[in-house]
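[1] 3D model of this:
(one chain, ligands or ions: 1)
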Amino acid sequence: MTFPPVPVPDLPTRETLTPIALCFPLRVRDGVPEVLLGLKKTGFGVGRMVGLGGHVEPGESDAEAACRELAEECGLTTTVDAVSLAGVVDFHFPAQPAWSMATALFTTRDWTGSLTETDEIAPAWFPHAVLPVERMWADAEHWLPRMLAGERQHTVVVLADDNETVRATWSGPLTL
Ligand SMILES: Nc1[nH]c(=O)nc2c1ncn2[C@H]1C[C@H](O)[C@@H](COP(=O)(O)OP(=O)(O)OP(=O)(O)O)O1
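    Got it, this is the predicted structure:
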């Protein structure tokens with residue numbers, strides 16, 4: 001089966017998109033599960049609450065990139081053995097195709113170091129039940145709660161021509 005099952009015309013294949021890896025540290029505080037997100041202070045998506053991460057460099061695995069970006073953006077150190085692939089999301093920006101990304105989502109419960117605000121990110125913990133969706137990309141509510149619930153999904157998001165609102169989304173079990 002091709003994915004998504006009802007493609008938007010001319011949607012490029014995932015292999016042609018810019019590879020991005022995100023790392024979501026998870027913890028439990030007072031019995032409440034929490035996830036680490038970050039306010040983007042510079043660059044793409046400035047002012048939004050995002051998953052920590054960024055571009056996968058040539059020769060680097062997605063997991064290696066997720067670990068490197070986590071350390072660069074908030075000072076926490078984890079390892080490829082301590083992160084788990086929790087899903088993937090393809091973000092398509094048809095009005096700005098160079099922005100389109102194939103994003104690997106990793107979670108980790110095992111890290112060292114102290115949380116630090118950097119020039120790029122102001123990190124903050126959020127209970128799964130109180131995600132800052134109003135400060136996130138509009139598509140986040142389509143994939144982040146499901147990832148946090150443990151569903152390993154392949155989600156495809158197509159942004160509208162304003163590059164902000166959601167034109168279409170599909171999700172299916174991760175088979176990559
Ligand atoms: N539609 C979307 N929905 C969403 O939730 N996050 C999105 C998104 N489009 C982009 N992002 C986020 C994911 C990630 O945090 C960031 C993309 O990575 P960036 O371009 O910020 O990488 P950087 O330029 O910071 O990476 P490096 O230059 O490699 O450090 O934008």
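[2] only C-alpha atoms from now on, for both contacts and neighbour counts.
    Noted.
[3] residues near E60, how many?
    Summarising burial for E60: neighbours were counted as other Cα atoms under 10 Å, giving 12.
[4] measure it to L85 for me?
    E60 sits 15 Å away from L85, taking Cα to Cα, to the nearest Å as the criterion.
[5] remind me what the lengthiest helix in the chain packs against, helices and strands.
    Longest helix of the chain, by residue count under DSSP state H: helix 62-74. For helix 62-74, the packing partners by 3 or more Cα pairs under 8 Å, 6 or more residues apart in numbering; DSSP states H and E come out as strand 18-29, strand 52-55, strand 101-108, strand 121-127.
[6] right, is it up against the ligand?
    No - judged by Cα under 6 Å from any ligand atom, helix 62-74 and the ligand are separated, with a smallest distance of 6.7 Å.
[7] do the same with stretch 145-158
    No - figure legend: stretch 145-158 not in contact with the ligand (Cα under 6 Å from any ligand atom); closest approach 7.3 Å.
[8] for that stretch, buried residues please.
    The neighbour-count check on stretch 145-158 (16 or more other Cα atoms under 10 Å) flags 147-148, 151-158 as buried.
[9] and the furthest pair within these?
    The largest separation in these, counting by Cα to Cα, is between L148 and V158 at 21.4 Å.
[10] count the residues that sit near V89.
    24.
[11] tell me the contacts of V88?
    Neighbour list for V88: 102-105, 152-155, 174 [criterion: Cα atoms under 8 Å, 6 or more residues apart in numbering].
[12] and it, helix, strand or coil?
    Classification of V88 using DSSP: H, G, I helix; E, B strand; the rest coil returns strand.
[13] any idea what it is bridged to?
    A104, H154 (DSSP bridges).
[14] any idea how far it is from V80?
    As judged by Cα to Cα, V88 and V80 stand 17 Å apart.
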